[in-house]
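Visitor: okay, sequence plus prediction incoming.
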Amino acid sequence: MLELRHLWTLIALAETGSMANAATRLHLTQSALSHQIKALEGHYVCALFERKTSPLRWSPAGEKLVALAYDVQRRISDANREVAQLLNGQTGELRIAVECHSCFDWLMPSMDQFRRNWEQIEMDLVSGFHPSPVNLLDEDRADVVIVSRKTKRRGVEFHPLFRYRMPTILAQKHRLAKKKYLTASDFANETLITYPIPDERLDLVRQVLKPARVNPSRRTAILTEAILQLVASGRGVAALPNWAIQSYLDRQYVVERPIGPRGLSCELFAATTRAGSQKAYVEDFVKTMREVCFTQLTGIEPPE
């Protein structure tokens, strides 16, 4: 029998591309996930996808079921949203602040999708530089803040969006481009180009350089494109999210190298007040961001 949990499993497999990643997203063991797939294949008496392919290569039957899963997911989301609108009203305000300077490529499509579902909600981006964006929630100046780390704050909830890798960005002929991966000491004699934000909000500095007591010279730029131009012209090195630089890597404008043998792993969160997260449209906006990210960005993984 086909159940909702089977449909969510198929969506997770389609979006993560592997049994291991799908199991992580669904908070299941790989054995439990494999059991679900075998039960489905036994029910339909056919294989749903080819084993040992990356990404998964679906069979015709598998493609039909994945399409069904997305259709059911969409219908359930629409029904939940419509019920919430009936119960909670359709008017309100949603003020969004962004700590991550490179987030706008996926945030804008998320906002567009949200507007189509909640036409009466007034949306606004909180502009300007904020040393501590989460404080905007306490001051009632924002309803949702996109941040790169979770901290203990009374009355604030952190909703995981996705995980990603933060590689080093180098000029094509940079001497460090010969290395398989970089360590903290490799940055000691380099100029590190970053956004103009405090060190505690820079994953490379907080997780790698500061523990190793490495403090390279600095240069800042507001725009991602400006950072990449400076790197490409040999003015320094940078560390940027893998999903934000893929088009530049494809054009061979710059090159990337992992930070550490396993790469530097980072995560993004949507922070809200506890009261704010109970509003139906705020909850739906967080859900919309997750959905849009996994349809638009490459190289991201489900939150743990």
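Guide: Thanks, I have it.
Visitor: C-terminal to the helix or strand of the chain at the bottom of the mean pLDDT ranking, what's the next element?
Guide: When each helix and strand of the chain is scored by mean pLDDT, DSSP states H and E, helix 60-88 comes last, with a mean of 83. Using DSSP states H and E, the helix or strand that follows helix 60-88 towards the C-terminus is strand 92-98.
Visitor: chain center to that next one, what's the gap?
Guide: Relative to its chain's centre, strand 92-98 lies at 19 Å (C-alpha atoms, centre = their mean, to the nearest Å).
Visitor: report all helices and strands that it contacts.
Guide: The elements that strand 92-98 packs onto, with contact taken as 3 or more C-beta pairs under 8 Å, 6 or more residues apart in numbering; DSSP states H and E, are helix 104-117, strand 121-125, strand 144-147, helix 280-296. C-beta here means a position set from N, CA and C on the backbone, and glycine is covered the same way.
Visitor: tell me the strands beside that strand, with direction?
Guide: The strands beside strand 92-98 in its sheet (DSSP bridges) come out as strand 121-125 (parallel), strand 144-147 (parallel).
Visitor: dump these to TSV, plus distance to residue 3 and mean neighbour count.
Guide: Formatted as TSV, the strands paired with strand 92-98 follow (distance: least, C-beta to C-beta, whole Å; neighbours: other C-beta atoms under 10 Å):
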stretch	distance to residue 3	mean neighbour count
strand 121-125	34	15
strand 144-147	33	23
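Visitor: of these, which shows the lowest average pLDDT?
Guide: Comparing mean pLDDT across the strands paired with strand 92-98, the weakest is strand 121-125, with a mean of 89.
Visitor: on that earlier part again, export the strands paired with strand 92-98 as JSON lines, with columns for distance to residue 16.
Guide: Listed next are these as JSON lines, based on distance: least, C-beta to C-beta, whole Å:
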{"stretch": "strand 121-125", "distance to residue 16": "30"}
{"stretch": "strand 144-147", "distance to residue 16": "22"}
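Visitor: ok, which of those strands comes nearest residue 102?
Guide: Closest approach to residue 102 among these is made by strand 144-147 (10.7 Å; C-beta to C-beta).
Visitor: so where's the stretch 201-304 of the chain uncertain?
Guide: Low-confidence segments of the stretch 201-304 of the chain (pLDDT under 70): 304.
Visitor: so what's residue 268 bridging to?
Guide: Residues in beta-bridge contact with residue 268 (DSSP bridges): residue 162.
Visitor: I'd say it and residue 145 touch.
Guide: No. With contacts counted by C-beta atoms under 8 Å, residue 268 stays clear of residue 145, the gap being 11.0 Å.
Visitor: could I get the helices and strands packed on strand 92-98 as a markdown table with distance to residue 24?
Guide: Formatted as a markdown table, the helices and strands packed on strand 92-98 follow (distance: least, C-beta to C-beta, whole Å):
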| stretch | distance to residue 24 |
| --- | --- |
| helix 104-117 | 21 |
| strand 121-125 | 32 |
| strand 144-147 | 22 |
| helix 280-296 | 14 |
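Visitor: please identify the most buried of these.
Guide: Across the helices and strands packed on strand 92-98, averaging neighbours per residue (mean count of other C-beta atoms under 10 Å) puts strand 144-147 on top, at a mean of 23.
Visitor: quick one, the least confident helix or strand of the chain and helix 104-117 angle?
Guide: Calculated by axes from the mean of the first three to the mean of the last three C-alpha atoms, to 10 degrees, helix 60-88 forms an angle of 60 degrees with helix 104-117.
Visitor: out of the strands paired with strand 92-98, nearest to residue 52?
Guide: The closest of the strands paired with strand 92-98 to residue 52 is strand 144-147. By C-beta to C-beta, the value is 37.0 Å.
Visitor: residues in contact with residue 10?
Guide: Residues near residue 10 by C-beta atoms under 8 Å, 6 or more residues apart in numbering: 48, 62, 65, 66, 69.
Visitor: switch the cut-off to 6 Å
Guide: By C-beta atoms under 6 Å, 6 or more residues apart in numbering, residue 10 lies in contact with 65, 66, 69.
Visitor: what pLDDT does the model give it?
Guide: So residue 10 comes in at 92 (pLDDT).
Visitor: now it: how far from residue 62?
Guide: Residue 10 sits 8 Å away from residue 62, going by C-beta to C-beta, to the nearest Å.
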